[in-house]
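# take this sequence and fold it.
(6 chains)
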6 protein chains.
Amino acid sequence: MTMSELIVNGGLPVGSLQKACIELWRSAGYKIVVEERSFFPTIDDPELDLILLRPQEIPRYVAEGKLDFGITGYDCIVECECENRVTEMAELIFSKVSRKPTRWVLAVPVDSPIQVSTDLEGKSIDTEFVTMTRRWLDRQGIQADVRFSWGATEVKPGRFCDAIVEATETGGSLKRNGLRVVAEVLRSTPRFIANPVAFADPRKREKMEDIVLMLKGVLDAEGKVFLEMNVAEKNLPAVLELLPALQVPTISSLVRAEGYAVKSIVDETVVRTIIPKLKRAGARDIVESPITKLIP
Amino acid sequence: MTMSELIVNGGLPVGSLQKACIELWRSAGYKIVVEERSFFPTIDDPELDLILLRPQEIPRYVAEGKLDFGITGYDCIVECECENRVTEMAELIFSKVSRKPTRWVLAVPVDSPIQVSTDLEGKSIDTEFVTMTRRWLDRQGIQADVRFSWGATEVKPGRFCDAIVEATETGGSLKRNGLRVVAEVLRSTPRFIANPVAFADPRKREKMEDIVLMLKGVLDAEGKVFLEMNVAEKNLPAVLELLPALQVPTISSLVRAEGYAVKSIVDETVVRTIIPKLKRAGARDIVESPITKLIP
Amino acid sequence: MTMSELIVNGGLPVGSLQKACIELWRSAGYKIVVEERSFFPTIDDPELDLILLRPQEIPRYVAEGKLDFGITGYDCIVECECENRVTEMAELIFSKVSRKPTRWVLAVPVDSPIQVSTDLEGKSIDTEFVTMTRRWLDRQGIQADVRFSWGATEVKPGRFCDAIVEATETGGSLKRNGLRVVAEVLRSTPRFIANPVAFADPRKREKMEDIVLMLKGVLDAEGKVFLEMNVAEKNLPAVLELLPALQVPTISSLVRAEGYAVKSIVDETVVRTIIPKLKRAGARDIVESPITKLIP
Amino acid sequence: MTMSELIVNGGLPVGSLQKACIELWRSAGYKIVVEERSFFPTIDDPELDLILLRPQEIPRYVAEGKLDFGITGYDCIVECECENRVTEMAELIFSKVSRKPTRWVLAVPVDSPIQVSTDLEGKSIDTEFVTMTRRWLDRQGIQADVRFSWGATEVKPGRFCDAIVEATETGGSLKRNGLRVVAEVLRSTPRFIANPVAFADPRKREKMEDIVLMLKGVLDAEGKVFLEMNVAEKNLPAVLELLPALQVPTISSLVRAEGYAVKSIVDETVVRTIIPKLKRAGARDIVESPITKLIP
Amino acid sequence: MTMSELIVNGGLPVGSLQKACIELWRSAGYKIVVEERSFFPTIDDPELDLILLRPQEIPRYVAEGKLDFGITGYDCIVECECENRVTEMAELIFSKVSRKPTRWVLAVPVDSPIQVSTDLEGKSIDTEFVTMTRRWLDRQGIQADVRFSWGATEVKPGRFCDAIVEATETGGSLKRNGLRVVAEVLRSTPRFIANPVAFADPRKREKMEDIVLMLKGVLDAEGKVFLEMNVAEKNLPAVLELLPALQVPTISSLVRAEGYAVKSIVDETVVRTIIPKLKRAGARDIVESPITKLIP
Amino acid sequence: MTMSELIVNGGLPVGSLQKACIELWRSAGYKIVVEERSFFPTIDDPELDLILLRPQEIPRYVAEGKLDFGITGYDCIVECECENRVTEMAELIFSKVSRKPTRWVLAVPVDSPIQVSTDLEGKSIDTEFVTMTRRWLDRQGIQADVRFSWGATEVKPGRFCDAIVEATETGGSLKRNGLRVVAEVLRSTPRFIANPVAFADPRKREKMEDIVLMLKGVLDAEGKVFLEMNVAEKNLPAVLELLPALQVPTISSLVRAEGYAVKSIVDETVVRTIIPKLKRAGARDIVESPITKLIP
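Numbers count the residues shown, from 1 in each chain, chains lettered A, B, ... in the order given. Just a heads-up that it's a prediction; the model follows:
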């Protein structure tokens, strides 16, 4: 009896996350091609069937089983009320876009009388994420008129509505439009979610776990580098103490030379502070070189 | 007693129509500047206060009087159910984008059993224009499940819904996604709409009529050219018969030469057929030159 | 009895002349579109069937009747030995590319012993236009070894051959490669050629003549402008004498003002010398404005 | 006896004015080409010999007779103390760059104690135009330490000097650097200047006057358009009253139609206010068309 | 007695292969610069004298000894009938362009009666590679009229000839032009070829072998990566079994830690399947890093 | 008692060196951002306060203590006469721009009578670096008229002055302007300079030394690569002899295999000559991989 062919359906987000997401799959070792104006990426894995969809719609389709897995934002999962209907397999911090999570904030004109969230009682709020906003108000027992905004939401407070709930990264757009943040409604990061039935199927689960392992392997390697150096025996303890605990350093004895070759993975942001210290501690021939994947 | 200062508020559409719309105002003689990431165009007319908004939201704000006038699509007016709540002052065919109206069509997979609109009974329809779609179904007495689509709608039929209602210009995107048109739901062109109260105010009305006059003057001149030629008296009737009835040609007698100078406005698309005929009819020194505005 | 449908086949050149040629048709009033990687332009005239071909091959296909007309260089007509097998309807000087004809020259290294064409006896000559070169040598009774060059011909003299025959516009490429011109082999300009049988068919001939009229109307207008001015009666003879004889100026009497309005077509290159003289001769309110077609 | 050949030397400014200046000569009818990295423009007038130079150095070279004429800013003339050593033939307002003159202002940090120019006594001032600044201080009897700045001058006040004298167009750069304007030192526009000896030579003078006539003809046409319309006899006075006094309108009687053809030059910025009025006054078939040169 | 100076002449292909070829030399460690419009690359090796030539002409010049070596396609070698007149030193698969060889196919219109190659008897065939096509027909005893095509060959079948022989990579251009492949005429890849006399000269041969070693070292490294990991002694056999046999993995004992550091070269395309298996087999701290050259 | 907060002020050069300099800091591990039109880079090190300034002004501000350190050219240090007023901490050869130092040369027209520097007596010299030029003339006891040039200096010799002192890299601009080099005035490279008082402060000095260590670590790694290979015991001496003495190679014994893994840092320019020799000496599986920092 032959085994049935495995096909796993996945949804990837179009829009702001799309480029970084496709790039991530590519770095993970997949040859994935999205032809212009097509929503069906081709991938060199016959067991995968991918589609590009708006992130707002991915949680619903994963929950309904129309997709086995999806990559989307936590905000979209909340907006679709799907937190308990999908299995979250991983949080994916796409540092190439921004390491910071997306913040959804409630904002008003700088000179608005609204100071705290309870001041919103009876007010009008425009937002692209109506359900998420209503759920947040409900939790606080506030009654307000939440209306769907098609976009350019940050222009409206004061003239077209009382407040808005809007995503922000740096706050720059809010400031340019003369708005003040009253409260944070939600922090969101991208997630890898699975349909619970697909997750319970051992073959689909292993397939999805392998994908997650590779995607995370790429993300974990971002901003990390190899640091190699030669260290005389007497200096080894001091050098090892300086190396961060990310990973156990690889130490090999040298042939035809005193001492050891020490090799470690270091976060790029600490390299500039650690190298001067390593040198003072006796490390020699310190070399930094790039890495592309890291699986702990 | 001094007259109160006149301020007229207007909403221009962001998105696909934005660039052509701003360009149109510029050709009409306004110095209008939209700084990057700003929604408030600056214009060299102190009586105008402009804002950029999603076209889907402009009809509602014009109807509510938050804007005195707006430029938006007829489809958006229908989606907002504002046909009777705004005053339509002009239809603006932006030929620089496309002379063809936008068509909203109901589409299904090529191999779908749905052949006519009545086959939609009980089916699921995804669309960005939920209200417009429901009104169209209601007029035909059809009950269907209309759901809001966040975008990439043409990918969904078959796998995520039964049918979609989607805007199309050339039909290319439908064909690429394997879809077939079942019915046309609406044809839409850009409109200049006014709030009825503002329209009833003589000063605001004159202001808006002057704007419409200039905008249409530019659009009417697009694709038209001047044609000038010298014609001997005996050839004049034959030449005049060939000239199109767009405008009465300007005929002046020539000094120190026999005959007349004839000047006319001609549609650019007929120039190549009319010129050989004019030459055969005896016109000489035929010159084509450009025009930029035409007010009949 | 209905008249049979007229279809006229035409070949346009791909390559260096392509863009200017398509642009010329557009200026002449045709909506012509060449989609990327397609060789079949679409045109808004159902009687025309166009194809893009290498200019080297167009004369042969016109001569054989596979095309009714073609636009190609005179050099290609000579290379195909088709001078007597096609009907030349017009010379088209594409000034947007260069008003200068293409010159095919025989060139040798600056330090070559070859000084005049008779020195070529028994030498090797590389060229892309083998037939044209052989015909030129034959006319002078010179025997030489002419070989086909696939390109980069100007690199070869000295090391890979004795001389080359190559097209040049400014001579810059020859100079950069250390070459010296020994003789001019041919001067070439673009031509509109017709198949003799098609030219003998009255309907095809009128169709082709109308096209030529429009194409030449555009080329004749290039570099020409309108010049209008007001002139008092006493100054009229002096002013008229200054105006070039390109076209009889249009003179109209003015109403409510002394004198005449004079309007003329002037070559752009003489405007800067003529305007100061016109002003001294008494012309006032001299205005220059653009023209786009000129049919004498 | 043959007449000696006429050669007139001219200096054009490199830098911010260069592109607009070359463009102006081109519009005036000169074929002028500046090859990349060359400072010697080629021009199709054998009597002209042009060189590109820094505008700061042009006044000195014109005054010394190394150049017959030059185009440079008034600020540079002042910096070189050449006001009385060169003959100013024209002011050239390059509207394509900006119609506004360059303003040189004295600026200090917003929180500086310096409020008026007399507060500068004994302070340090950094500027690229040291002489101009010293002359301005001298006229007011102020003693201050003026130092040459190599650039990025607006970054220095407060930390590296007390005040600066810097050119500004919109004031944006001053504001971004937290500076406040204390006084205006000079307003500058581009000028066409001649060496007095060259200006006294009749042939050189006529040559330079013709150039100035053409350059000004282009600048005067910028932002102006033709307006043509048909007017019935009874409406003629009302229509003529509306037309601006820039130029006497050209009125011709119409043949085979009542009334007159009226044609006038109008400033583009008033078109949008004048057209509605003309229409109300009875003008019909109003057409706007472009002009490229205007010599009064 | 001093040794004579060594100079080796080489021809590199202009055109589609040029950029990848120059890039390859650069990756191999040569500083090679091709100035715009020059055919003589400068290289930081005084023993090399390079020239850019059409690939179609390189085999002939290598065979004739005008070049010591060349890089060109196998198709060009066949077209020049030089298979036995040059020494092939290496096949170079430029994966940056495409790993697939160029295929020369015989194609006809989809509705042509020609089904197999013997149907070509007496037909007309257009191609840019006339000799190669004739040799292929001869081998099959087919008589056909093979004509040189200057380009745009895929447009001609049906209207201008019966069949074509044309290069294709993806078949996309054939499909767009409504053509069907009847037979494959040749598969071609780039080759490094040497003149037999030069190859017999020990010094030239060593020079050329060193170049080939470096070029192949770059190509062999493309698509390969380092994979390093830590492995406990008990897991070593399982881990080693998973590693591909490309290269013997480097295993070093660790100091101050149990187990081994294992390092191997792995093909990028298998990384995503091998990493999950390695992790399951007990490998820890798996790190992928890039390589740039690989010499076995 | 808390330690006072450390702030170190630094000046980076705007202009030709700016991009490479910012890039260098980034490679050294700093997140440094220069917003458009801002002169204040933001950096993720709260102890650093950076400003962008013209390199000509940096030495003076470092000498005066307005900056603790600066990066500028040696030519600027000389022009400011600051050699003894600043502490040079490092020479930074930015190989990404050019490894060659900037040369300031004295140049004259090719046909000038000036042949040696003493011929300059009494002549006029234009230059942007007036002080440096005068100091050079003084050292040779030459009297000449040195004048400040605002730019385009290479156009002036002959017509506007007798000679110039100008920076050159390749000499191309001099040649294009028909100039000949008479003498070299100065060779200049970028330097990291410190204010002597800041350098004497132990905390500031350590901070600056750490920065220099990282900047040099990046520059030292440019153009260097890792070379790894497996070597059998008997071949080890021959292989080691071939490796350059840049760094002691790291040699580890292999487990489960005969021989050693050898790893070394090699200059990229010698790789192509060393690899063939290593292979002949018995090295196997030679792999080149990139490095990004190298601290000896």
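# element containing the closest residue to chain C within the stretch 1-150 of chain A?
With CB to the nearest CB as the measure, A:Glu36 is the residue of the stretch 1-150 of chain A nearest to chain C, at 12.2 Å. C-beta: built from backbone N, CA, C; applies to glycine. Using DSSP states H and E, A:Glu36 sits in no helix or strand.
# what about it, distance to B:Ser173?
In this view, A:Glu36 and B:Ser173 are 12 Å apart by CB to CB, to the nearest Å.
# who has more neighbours, these two?
B:Ser173 (17 against 4; other CB atoms under 10 Å in any protein chain shown).
# where does the nearest residue to that one once chain neighbours are set aside fall, phi/psi-wise?
Spatial nearest neighbour of B:Ser173, chain neighbours left out: B:Glu154 (5.6 Å); criterion: CB to CB, 6 or more residues apart in numbering or on different chains. Torsion angles at B:Glu154 (phi, psi; degrees, to the nearest 10) stand at phi -70, psi -10.
# cool, A:Thr127 as well?
phi -160, psi 160.
# from what I see, it and A:Ser149 are in contact.
Yes - applying CB atoms under 8 Å as the test, A:Thr127 and A:Ser149 come out as touching, 5.8 Å apart.
# between those two, what contacts are shared?
Taking CB atoms under 8 Å, 6 or more residues apart in numbering or on different chains as the contact rule, the neighbours common to A:Thr127 and A:Ser149 are A:Ile164.
# mind checking the SS state of A:Asn235?
Look at A:Asn235: counting by DSSP: H, G, I helix; E, B strand; the rest coil, its state is helix.
# which pLDDT value goes with it?
Turning to A:Asn235, the model gives it a pLDDT of 95.
# and for the closest residue to it other than its chain neighbours, the neighbour number?
Of all residues not flanking A:Asn235 in the chain, A:Gly282 sits nearest, at 3.2 Å (CB to CB, 6+ apart). By other CB under 10 Å, the residues close to A:Gly282 number 16.
# please, which helix or strand holds A:Gly282?
Taking DSSP H and E as the definition, one finds A:Gly282 inside no helix or strand.
# that one touches A:Val231, doesn't it?
Yes - at 6.4 Å, A:Gly282 counts as touching A:Val231 under the criterion of CB under 8 Å.
# any shared contact partners between these two?
Shared contacts of A:Gly282 and A:Val231, defined by CB under 8 Å, 6+ apart, comprise A:Val239.
# contacting residues for the one residue in the stretch 101-250 of chain A that gets nearest to chain E?
Nearest residue of the stretch 101-250 of chain A to chain E, counting by CB to the nearest CB: A:Asp210, 4.3 Å away. Contact analysis of A:Asp210 by CB under 8 Å, 6+ apart lists E:Arg272, E:Thr273, E:Pro276.
# contacts for the helix or strand harbouring A:Ile125?
A:Ile125 is part of strand A:124-127 when elements are defined by DSSP H and E. Strand A:124-127 is contacted from outside by A:106, A:133, A:144-149, A:153, A:156-157, A:160-166, using CB under 8 Å, 6+ apart.
# after that strand, next one along is what?
helix A:130-139.
# as a whole number, average confidence for that following helix?
97.
# and it, what does it pack onto?
On a contact count with 3 or more CB pairs under 8 Å, 6 or more residues apart in numbering or on different chains; DSSP states H and E, helix A:130-139 meets helix A:74-79, strand A:145-148, strand A:163-168, strand A:179-188.
# name the helices or strands packed onto the third one?
By that I understand strand A:163-168. Secondary-structure packing of strand A:163-168 (3+ CB pairs under 8 Å, 6+ apart): strand A:102-109, strand A:124-127, helix A:130-139, strand A:179-188.
# let me have those in JSON lines, extended by mean neighbour count.
Output for the helices and strands packed on strand A:163-168, formatted as JSON lines (neighbours: other CB atoms under 10 Å in any protein chain shown):
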{"stretch": "strand A:102-109", "mean neighbour count": "21"}
{"stretch": "strand A:124-127", "mean neighbour count": "22"}
{"stretch": "helix A:130-139", "mean neighbour count": "17"}
{"stretch": "strand A:179-188", "mean neighbour count": "18"}
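# make sure A:Met229 is indeed in a strand.
Yes - checked against three-state DSSP, A:Met229 lies within a strand.
# isn't it right up against A:Leu240?
No - in this structure, A:Met229 is not within contact of A:Leu240 by CB under 8 Å, at 11.0 Å.
# what residues do those two have in common as contacts?
A:Val262.
# looking at those two, which one has more neighbours?
Counted by other CB under 10 Å, A:Met229 and A:Leu240 do not tie: A:Met229 has more neighbours, with 27 against 17.
# contacts only, for the more buried one.
Applying CB under 8 Å, 6+ apart, the residues near A:Met229 are A:Val239, A:Ala261, A:Val262, A:Leu278, A:Ala283, A:Arg284, A:Asp285, A:Ile286, A:Val287.
# next: A:Thr189.
By CB under 8 Å, 6+ apart, the residues touching A:Thr189 are A:Gly73, A:Tyr74, A:Glu91, A:Leu92, A:Ile93, A:Pro101, A:Thr102.
# again, only this time at 6 Å
A:Tyr74, A:Glu91, A:Pro101 (CB atoms under 6 Å, 6 or more residues apart in numbering or on different chains).
# do the same with A:Glu121
When contacts are counted by CB under 6 Å, 6+ apart, A:Glu121 touches A:Ile142.
# ok, now how distant is it from A:Thr131?
From A:Glu121 to A:Thr131 the distance is 20 Å (CB to CB).
# would you mind finding the longest helix in chain A?
helix A:202-221 (DSSP state H).
# send the alpha carbons of it over as PDB?
C-alpha atoms of helix A:202-221 as PDB (Å, rounded to 0.1, in the frame of the first residue of the first chain):
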ATOM      1  CA  PRO A 202       1.700  13.800  12.600                       C
ATOM      2  CA  ARG A 203       3.000  14.200   9.000                       C
ATOM      3  CA  LYS A 204       1.600  17.800   8.600                       C
ATOM      4  CA  ARG A 205       2.900  18.700  12.000                       C
ATOM      5  CA  GLU A 206       6.400  17.500  11.300                       C
ATOM      6  CA  LYS A 207       6.400  19.300   8.000                       C
ATOM      7  CA  MET A 208       5.300  22.500   9.700                       C
ATOM      8  CA  GLU A 209       7.800  22.100  12.500                       C
ATOM      9  CA  ASP A 210      10.600  21.700  10.000                       C
ATOM     10  CA  ILE A 211       9.600  24.900   8.300                       C
ATOM     11  CA  VAL A 212       9.400  26.800  11.600                       C
ATOM     12  CA  LEU A 213      12.800  25.400  12.500                       C
ATOM     13  CA  MET A 214      14.400  26.800   9.300                       C
ATOM     14  CA  LEU A 215      12.600  30.200   9.500                       C
ATOM     15  CA  LYS A 216      13.600  30.600  13.100                       C
ATOM     16  CA  GLY A 217      17.200  29.500  12.200                       C
ATOM     17  CA  VAL A 218      17.400  32.400   9.800                       C
ATOM     18  CA  LEU A 219      15.900  34.900  12.200                       C
ATOM     19  CA  ASP A 220      18.100  33.800  15.100                       C
ATOM     20  CA  ALA A 221      21.200  34.300  12.900                       C
END
